[in-house]
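Q: missing the sequence, but the structure's below:
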């Protein structure tokens, strides 16, 4: 029997092989589509997580800005009260007329106000870059370094200012060399006169606590940024994270 002679059954056999190959290609195509869908789902999940992290950092940045602004406003108010009343003389109730303010060391107050101005500007610049018009400022490899530098500056500046502010207050109680915080709290229970000593003392206490809260908030924000940045690098995304 000549095996080279075509048989009437051969077209069916060729057709069967064709369908088998097509079926195999279909399985591969289906697997490829499934992989793409899985990657898209993962990408959407990662983008959702990234947006949540950015939203959290934005909220923390706004809260820090509000703390800094309130500190600056209250410090400025207390300094204005001191400036306008520092030379006024009142009756102390015993027939003696005395100056309401002793010699007051204002350097701790100026230091706190200066740091509040600097950190407020840093937060404002960061928030401005959130606007669509200035979004290009957030692009580039320098952005990551800028986030590290900004957080380091804010943390170090507030830590130093708070230590100086607190140390001056504690030393004044022993040496009687008063600053604004220590003196207003020392005479907070005195009645009469135009100076609201109790209110000023409360304002100074608030400023110290507010700035004390702002420091760990900044540290937490930086830690979140570092973890997000490392996670992004592990996923193979080399885009610069938003600060």
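A: Cool, the structure landed. On a predicted model such as this, the values are computed, not experimentally measured, just so you know.

Q: and residue 167, how many neighbours?
A: By other Cβ atoms under 10 Å, 11 other residues sit near residue 167. For the C-beta atoms, the positions are set from N, CA and C on the backbone; glycine is no exception.

Q: repeat for residue 198
A: Neighbour tally, residue 198, other Cβ under 10 Å: 15.

Q: do you know how far residue 179 is from residue 164?
A: Note on residue 179: its distance to residue 164, by Cβ to Cβ, to the nearest Å, is 10 Å.

Q: Same check on residue 79?
A: 16 Å.

Q: OK, contacts around residue 127?
A: For residue 127, the contact set (Cβ atoms under 8 Å, 6 or more residues apart in numbering) comprises 58, 61-62, 65.

Q: Can you flag the buried ones in these?
A: Burial by neighbour count, 16 or more other Cβ atoms under 10 Å: within the contacts of residue 127 this picks out 61, 65.

Q: Adding secondary structure, pLDDT and distance to residue 85, write the contacts of residue 127 out as JSON lines.
A: Formatted as JSON lines, the contacts of residue 127 follow (DSSP: H, G, I helix; E, B strand; the rest coil; pLDDT from 0 to 100; distance: Cβ to Cβ, whole Å):
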{"residue": "58", "secondary structure": "helix", "pLDDT": "88", "distance to residue 85": "41"}
{"residue": "61", "secondary structure": "helix", "pLDDT": "91", "distance to residue 85": "37"}
{"residue": "62", "secondary structure": "helix", "pLDDT": "94", "distance to residue 85": "35"}
{"residue": "65", "secondary structure": "helix", "pLDDT": "96", "distance to residue 85": "31"}
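
Q: From the contacts of residue 127, pick the one nearest residue 208.
A: Nearest to residue 208 among these: residue 65, at 18.2 Å, using Cβ to Cβ.

Q: doesn't residue 121 make contact with the closest one?
A: No: using Cβ atoms under 8 Å, residue 65 makes no contact with residue 121, being 10.1 Å away.

Q: follow-up on the earlier one: quick check: neighbours shared by residue 179 and residue 164?
A: residue 108.

Q: Neighbour count for the two, which is higher?
A: residue 179 (19 against 15).

Q: Check which element follows the host helix or strand of residue 169 along the chain.
A: According to DSSP states H and E, residue 169 maps onto helix 142-175. As assigned by DSSP H and E, the chain's next helix or strand after helix 142-175 is helix 180-186.

Q: What helices and strands are in contact with that following helix?
A: Where contact means 3 or more Cβ pairs under 8 Å, 6 or more residues apart in numbering; DSSP states H and E, helix 180-186 is packed against helix 10-85, helix 107-128, helix 142-175, helix 197-234.

Q: if you set the cut-off to 7 Å instead, what comes out?
A: In terms of contacts (3 or more Cβ pairs under 7 Å, 6 or more residues apart in numbering; DSSP states H and E), helix 180-186 is packed against helix 142-175, helix 197-234.
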